[in-house]
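K.L.:
What follows is a protein structure lacking sequence information:
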């Protein structure tokens, strides 16, 4: 047999191939060529490194659209119980202790979620327990970004130790080529207990005769380290199983538990707990397999995972990765899957940087929801028991960051992928039925984590239905969500997990229904003012949904509840400089919570009164009236985006102004449309797009929050944005691209044309909808539910008369 090139030479060839591909994708075309075609291969413009710094908390590893497996590094800053950033990877941290099998895109709560079963190629003999290496000084390695490549579906890295890893994945399985320096000790460490948040238990089994390593980890604990109630979440709610097969014999084996090493052993177990630092350091279990590199320095591993069983992991592997499949084979299929998914939106024109930002944002938006059902349809229920999807549901999905996603990512999913949206809606309904009828606001795998505030599932499913999603039990789901919103639950009187992850999904509902606001002193919630606003948004969405279902009595009741935001609007609350009228928390006796400052977060969740005062997307006209009229409101909004000297303030860091890094105010730039000054929406959105978002690791403003911030960019770049939850209305802004086609097999394509689009034309001069001139800064539901054409004439200066008439303003 001819000798193979060394692992180092093979890695260099792969890296060179990536560089050539990237150079072609990033080439600057002549102007005539740039204007002509729509993007044919969107993956050429995806940079998974965007968002891996600046708190974006994205990860660069290999993943398919909505994939269960997400194979990416777990980095280390010298603490085995922590990591460089939430979700395992931070661009500025160039040392890793493994390549873990599961990740969640952009979540906060450092160290994030998942990061299960880090697998580490280690050059050297295993002479001590890796769990005893509490500072990651021995069984970790540095790396250089020069030796790292990430493209959709594939991740490759060369470590300073001389080891290399080349990974590619299907939906529930993956294949890896690990390379080692010839003639040196070569081992793969399976850190089965070292999930990002720790673990309750873990196990490993090594079958040398069949070249297999199998095991599992029992874990959970999302946000368990938060100081604002996280200890309530230090518990397990899922077990991940894995089954790995190798193409060659093991030269050595061994396991460890805590500080004890067992060379030659083939089984082991033990968890780490959910503490951090010294309270957890040195605990845990795992195992290793070693290889003889004197004649062959390359190891191929195929691995499948499941949240149901060991047999499920093995079946997923058999179904999705052929026995002789190479990394190139699987990566090629992954690139094709991503190209198909991202081709849902094909744009023409724009700069190379804009296309990179756009398609990477779309990539991050469509990473979730994530599969948790096996290829045979089995999945872990929220009751801890295995279930199987029923007829009509293709798969069970999870990872629902409701408080974040209901504002933008959910709408993008419904717009582009209604079948996935419907399966996701059914998945959440399945979980609720398994959870005693309770819909949790933040679901990770099959765990109800309670993180954040409000009742975002109501807003989410109402939005799905409004936007035409029908492949779920919408009548049953509506009735269940309406019940949650009207029948008090005992959890609503509990302070467990408060304030950041209160167990009550409609906290102290009886008080809320009686007083029409969440009283700060008895709400059992993060903040009474924020809870009131969130519930008003959710109830308004339920009202719209009920109206569409023909349930008019319920519709009227929920629509009226959607106006209860007025009960926490204090017209006398001021900033001390002459501006009055702010959202403010109230006590049970009706008194306002004092002292008050617009820059204070008292009564709010991850935001201030200055931001939350604008969080009334369902009733902008009512908010403007409460402030003294549309002109007054628009002037106040000017001050939200600008400093006193008129300069922009849209990058965050000022408690009184716009914060692009968190969700409560991300809709605010679009409010000018309803205030009769749409040109200000156009210039404000363009300023944020141009200065807050970008390329490179710092290209996101903050936590991507499971695609939410990326979805904001996608909508803004296309020149449309969802008006309010529970609605299919889109607000209009100025597109970045000269043309775009939204390919929607289930609903009719949407085409967007803006021939003048460039850096000097950020304003709308005129719009036609399906060939008819429109003087409205919004479209009705027909564009979303039936498809259609938007044609813009853009200008280099504002048209202050277009779409300003009171009768045509969005409500």
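P.N.:
Perfect, thanks for sending it. Source: prediction; values computed, not measured.
K.L.:
from here on, contacts and neighbour counts on C-alpha atoms
P.N.:
OK.
K.L.:
mind checking how far the nearest residue to residue 38 once chain neighbours are set aside is from residue 751?
P.N.:
Residue nearest to residue 38 in three dimensions, not counting chain neighbours: residue 348, with 4.3 Å by Cα to Cα, 6 or more residues apart in numbering. Between residue 348 and residue 751 the computed distance is 11 Å (Cα to Cα, to the nearest Å).
K.L.:
same question, residue 802
P.N.:
From residue 802 to residue 751 the distance is 22 Å (Cα to Cα).
K.L.:
cool, and residue 57?
P.N.:
33 Å.
K.L.:
could you pull out the strands for the stretch 401-550 of the chain?
P.N.:
442-444, 447-448 (DSSP state E, counting those that start in this stretch).
K.L.:
Which one, of the ones you listed, ends up nearest to residue 809?
P.N.:
Across those, residue 809 has its closest neighbour in strand 442-444 (34.3 Å, Cα to Cα).
K.L.:
Show me what that closest one is packed up against.
P.N.:
Helices and strands touching strand 442-444, by 3 or more Cα pairs under 8 Å, 6 or more residues apart in numbering; DSSP states H and E, are strand 400-401.
K.L.:
which secondary structure elements does the strand it packs on contact?
P.N.:
Going by 3+ Cα pairs under 8 Å, 6+ apart, strand 400-401 lies up against strand 442-444.
K.L.:
May I have the secondary structure class of the closest residue to residue 171 other than its chain neighbours?
P.N.:
The shortest distance from residue 171 to any non-neighbouring residue, by Cα to Cα, 6+ apart, is to residue 67 (4.6 Å). Here residue 67 is recorded as coil under DSSP: H, G, I helix; E, B strand; the rest coil.
K.L.:
Over to residue 39?
P.N.:
coil.
K.L.:
thinking it is in contact with residue 347, fair?
P.N.:
Yes. In this structure, residue 39 is within contact of residue 347 by Cα atoms under 8 Å, at 5.8 Å.
K.L.:
outside of stretch 302-320, which residues touch it?
P.N.:
69, 170-176, 214-215, 238-246, 321, 372-375, 378-380, 386 (Cα atoms under 8 Å, 6 or more residues apart in numbering).
K.L.:
Would you mind giving me the PyMOL syntax to select the buried ones in the residues you listed?
P.N.:
Those of the contacts of stretch 302-320 that count as buried under 16 or more other Cα atoms under 10 Å are selected in PyMOL with:
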select buried, resi 69+170+171+172+173+174+175+176+214+215+238+239+240+241+242+243+244+245+246+321+372+373+374+375+378+379+380
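K.L.:
Span of stretch 51-70 from start to end?
P.N.:
Per Cα to Cα, stretch 51-70 runs 16 Å from first to last residue.
K.L.:
chain center to it: distance?
P.N.:
Averaging C-alpha positions (Cα atoms, centre = their mean, to the nearest Å) puts stretch 51-70 9 Å from its chain's average.
K.L.:
Look up how far residue 411 lies from the residue nearest the centre of the chain.
P.N.:
By Cα atoms, centre = their mean, the chain has its centre lying nearest to residue 706, at 0.5 Å. Note on residue 706: its distance to residue 411, by Cα to Cα, is 13 Å.
K.L.:
Same check on residue 282?
P.N.:
Taken as Cα to Cα, the span from residue 282 to residue 411 is 45 Å.
K.L.:
I'd say residue 326 and residue 175 touch.
P.N.:
Yes. Using Cα under 8 Å, residue 326 makes contact with residue 175 at a distance of 7.2 Å.
K.L.:
Looking at residue 39 and residue 347, which one has more neighbours?
P.N.:
More crowded of residue 39 and residue 347, by other Cα atoms under 10 Å: residue 347, with 26 against 18.
K.L.:
Can I take it that the more buried one is in a helix?
P.N.:
No. Secondary structure of residue 347 (three-state DSSP): strand, not part of a helix.
K.L.:
Just the element for the nearest residue in space to it that is not next to it in sequence, please.
P.N.:
What sits nearest to residue 347 in space, not counting adjacent residues and going by Cα to Cα, 6+ apart, is residue 740, at 4.2 Å. Per DSSP states H and E, residue 740 falls inside strand 739-742.
K.L.:
Which residue, other than its chain neighbours, is closest to residue 642?
P.N.:
residue 648 (4.5 Å).
K.L.:
Show the pLDDT at the one you found.
P.N.:
What the model reports for residue 648 is a pLDDT of 98.
K.L.:
Also the one 4 residues further on?
P.N.:
The pLDDT attached to residue 652 in the predicted structure is 96.
K.L.:
which neighbours do residue 348 and residue 751 share?
P.N.:
In contact with both residue 348 and residue 751: 739-740, using Cα under 8 Å, 6+ apart.
K.L.:
picking up where we left off before, what separation do you get for the residue nearest to the centre of the chain and residue 805?
P.N.:
Applying Cα to Cα to residue 706 and residue 805 gives a distance of 38 Å.
K.L.:
tally of neighbours for residue 581?
P.N.:
With other Cα under 10 Å as criterion, residue 581 counts 18.
K.L.:
How about residue 647?
P.N.:
Applying other Cα under 10 Å, I find that residue 647 has 10 neighbouring residues.
K.L.:
quick one, what contacts residue 337?
P.N.:
64-65.
K.L.:
How about the backbone phi and psi for it?
P.N.:
phi -60, psi -40 (degrees, to the nearest 10).
K.L.:
any idea how far residue 65 is from it?
P.N.:
7 Å.
K.L.:
where in the stretch 301-450 of the chain is pLDDT low?
P.N.:
For the stretch 301-450 of the chain, not a single residue meets the criterion pLDDT under 70.
K.L.:
so where do the helices sit in it?
P.N.:
Per DSSP state H, counting those that start in this stretch, the stretch 301-450 of the chain carries helices over the ranges 310-320, 327-342, 352-365, 402-405, 409-416, 418-434.
K.L.:
Go through the helices and strands of the protein and name the one with the lowest mean pLDDT.
P.N.:
helix 31-35 (a mean of 38; mean pLDDT, DSSP states H and E).
K.L.:
Partner strands of the next helix or strand after it, with direction?
P.N.:
Downstream of helix 31-35, the next assigned helix or strand under DSSP H and E is strand 62-63. The strands beside strand 62-63 in its sheet (DSSP bridges) come out as strand 70-75 (antiparallel).
K.L.:
Contacts for the strand it pairs with, please.
P.N.:
Contacts for strand 70-75 (Cα under 8 Å, 6+ apart): 59-64, 83-84, 87-90, 93-103, 115, 118, 155, 167, 169.
K.L.:
same deal with stretch 339-355?
P.N.:
With Cα under 8 Å, 6+ apart as the criterion, stretch 339-355 contacts 26-28, 34-43, 45, 65, 359, 362-363, 416, 694-695, 736-744, 757-758.
K.L.:
Just the buried ones from those residues?
P.N.:
Buried, going by 16+ other Cα under 10 Å: 34-35, 38-39, 41-43, 45, 65, 359, 362-363, 416, 694-695, 736-744, 757-758, out of those.
K.L.:
Just the buried residues of stretch 450-463, please?
P.N.:
Buried-residue list, stretch 450-463, by 16+ other Cα under 10 Å: 450-463.
K.L.:
whoops, stretch 513-530 was the one
P.N.:
Neighbour count says stretch 513-530 has 516-521, 523-530 buried, by 16+ other Cα under 10 Å.
K.L.:
and residue 282 and residue 411? which has more neighbours close in?
P.N.:
The neighbour count for residue 282 versus residue 411, taken as other Cα under 10 Å, is higher for residue 411 (29 against 21).
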